[in-house]
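> Structure for this input, please:
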Amino acid sequence: MSPIVAIASQCQQLPHYSPLFTPPVTARHATKKAGGSTNNGRDSAGRRLGIKVWPGTMAKPGGIIVRQRGKKFLVGENVGMGNDHTIFALVAGRVSMSRSPKNRKRNFVHVTPELDFVHVAAEPALEDLAQRVVD
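Model prediction:
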């Protein structure tokens, strides 16, 4: 028996195998879905706007009272406005806010000077330091 005939007789015994048919090659599939690119995923930090010193509390001279975009709050007595519309105190005193009688949406910020308000420094005064050195 020729070798070709022997192989053919063996192939007849195996129902799904023929010498001309090669077994299918298995393909590997991705275990993760491809994550395409996106245009989202970034954000800017908050601007920390709003009232910093509330009405009825004390403000230091030069201290920021309101940080805002635009003129939501308007300048009253003893306050100034910066280039970015930040309202700050010109003198030390108590903060108050009032509305315009003509337009109720307009808020005015005022600082009433108080002589009793003294800002206590965190470091000792230079006179105290000089006296300690002398002693």
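> The protein: helices as residue ranges?
3-13, 126-134 (DSSP state H).
> rank the ones you listed by mean pLDDT and give me the bottom one.
Lowest mean pLDDT within these: helix 126-134, at a mean of 60.
> Do I have it right that Phe88 meets Phe73?
No. Under the criterion of CB atoms under 8 Å, Phe88 makes no contact with Phe73, lying 11.5 Å away. Heads up, the C-betas are built off the backbone N, CA and C, glycines and all.
> ok, how many other residues are close to Glu114?
Neighbourhood size, Glu114 [other CB atoms under 10 Å]: 13.
> Could I get the contacting residues of it?
58, 92-94 (CB atoms under 8 Å, 6 or more residues apart in numbering).
> Against Trp54, how distant is it?
Using CB to CB, to the nearest Å, Glu114 is found at 16 Å from Trp54.
> Over to Val109?
For Val109, the distance to Trp54 (CB to CB) stands at 11 Å.
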